[in-house]
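Asks: quick one, what's the 3D model for this:
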Amino acid sequence: MHQTVLLREAVEALVTNPSGFYVDGTFGRGGHSRYLLELLDDDGRLLGVDKDPAARLAAQELAGAESRFEFFHGSFAELPKQLQLMGVEAVDGILLDLGVSSPQLDDGERGFSFMHDGPLDMRMDTTRGETAAEWLSVAGVDEIALVLKEYGEERFARRIATAIVAARSEEAITTTSQLAEVVSAANPRWERHKHPATRAFQGIRIKVNRELEDLQALLAAALDMLRLGGRLVVISFHSLEDRMVKRYMRDMARGEQFPPGVPVRDSALNRRMKLVGKAVRASDEEVAGNVRARSAIMRVAEKIS
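Replies: Purely as a prediction, here's the structure:
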């Protein structure tokens, strides 16, 4: 069963205008969206966005019962184009709940988890793109090692990449259990309470779904999409995403940087956003009920110019 992380904290930080237009950029199974609609009045509108075809099915049910809600099947990186097609000039808030969801992890057929054997797919959008198995069948040692190191933060990236290429020369790696076995055997130092394939699976998943590229594209376009006073709320689950979000919000709040000692008026700094509160983590009570919430961190920024 999917449990929405930081539900009230995220939605209540997002909604400043009950009559506004909001975007749930990672609809999932609709947890944030349903609560968000509770906070909007009759004039409020919500656009749900998700790559996952299974999310589209859940969204169709909600759209059938809720006239204020619409859904777009695609990446949140495509938001500027989609809003333009809808005739929406600016929105009052954008919410992102990054990473892979519990239903995706729990369904062995999706290929996200080493805990459930299934086809080595890993695509959030199963209607397009290259599967993890397809990529691993042709990528070289250098490319695989780079992905494992940069996206998976795997210390033994080259050793594992070399083992993957050697294994596929004997037999095609087409299932999650095959990949987990190869990675586990190649990992010389298993971390306590963590499966030895965790980092490798994370890295490959991020690569296959272009997760960091999509996030970068969204951040680059966020200010143009938000109206004055509009908010960006982002929940991250690992350090790569959170560093990108933290750096972006910090830079937008600082404004232009001048050499030390140069006299400059505050208005010349061109600050575009202000930080809203400090980073928020799930409470002990929420973590006790949903272990996935343990690594969640939420950041909020508001457009001011």
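Asks: leaving out the residues flanking it, which one is nearest to residue 236?
Replies: Excluding the flanking residues, the one nearest residue 236 by C-beta to C-beta, 6 or more residues apart in numbering is residue 242, at 3.9 Å. Using the backbone N, CA and C atoms, a C-beta is placed for each residue, glycine as well.
Asks: any idea how far that neighbour lies from residue 248?
Replies: With distances defined as C-beta to C-beta, to the nearest Å, the gap from residue 242 to residue 248 amounts to 11 Å.
Asks: right, and the helix or strand after the helix or strand that contains residue 95?
Replies: Under the assignment given by DSSP states H and E, the secondary-structure element containing residue 95 is strand 91-97. Sequence order places helix 102-106 as the next helix or strand after strand 91-97, per DSSP H and E.
Asks: mind listing what's buried in that next one?
Replies: Taking 16 or more other C-beta atoms under 10 Å as the neighbour-count basis, helix 102-106 is seen to contain the buried residues 102, 103, 104, 105.
Asks: and that helix, what does it pack against?
Replies: Identification of packing neighbours for helix 102-106 by 3 or more C-beta pairs under 8 Å, 6 or more residues apart in numbering; DSSP states H and E yields no helix or strand.
Asks: name the residues that touch it?
Replies: Residues lying outside helix 102-106 but in contact with it, judged by C-beta atoms under 8 Å, 6 or more residues apart in numbering, are 1-3, 28-29, 52, 54, 110, 112-113, 115-116, 124, 292.
Asks: can you tell me which of those end up in helices?
Replies: When DSSP state H is applied, the contacts of helix 102-106 are split such that residue 54 fall in helices.
Asks: neighbour-wise, which of the contacts of helix 102-106 leads?
Replies: Scoring these on neighbours with other C-beta atoms under 10 Å, the highest-scoring entry is residue 112 at 29 neighbours.
Asks: who's in contact with it?
Replies: Applying C-beta under 8 Å, 6+ apart, the residues contacting residue 112 are 100, 104, 105, 121, 122, 176, 201, 205.
Asks: over to residue 167?
Replies: Contacts for residue 167 (C-beta under 8 Å, 6+ apart) come out as 173, 178, 182.
Asks: show the buried residues in these.
Replies: Buried members of these, counted by 16+ other C-beta under 10 Å: 173, 178, 182.
Asks: quick one: pLDDT of the first one?
Replies: Looking back up the chat, that one is residue 173. The predicted structure scores residue 173 at 98 on the pLDDT scale.
Asks: quick one: it from residue 180, how far?
Replies: In terms of C-beta to C-beta, residue 173 sits 10 Å off from residue 180.
Asks: let me see the contact set for the residue nearest the centre of the chain.
Replies: Central residue check for the chain by C-alpha atoms, centre = their mean: the C-alpha nearest the mean position is that of residue 98, 2.2 Å away. Taking C-beta under 8 Å, 6+ apart, we find residue 98 in contact with 26, 211, 215, 234, 235, 236, 237, 241.
Asks: and which of the contacts of helix 102-106 is nearest residue 36?
Replies: residue 28 (12.6 Å; C-beta to C-beta).
Asks: now the closest one: closest residue in space that isn't a chain neighbour?
Replies: Distance criterion C-beta to C-beta, 6+ apart; nearest residue to residue 28, sequence neighbours excluded, is residue 101 at 4.9 Å.
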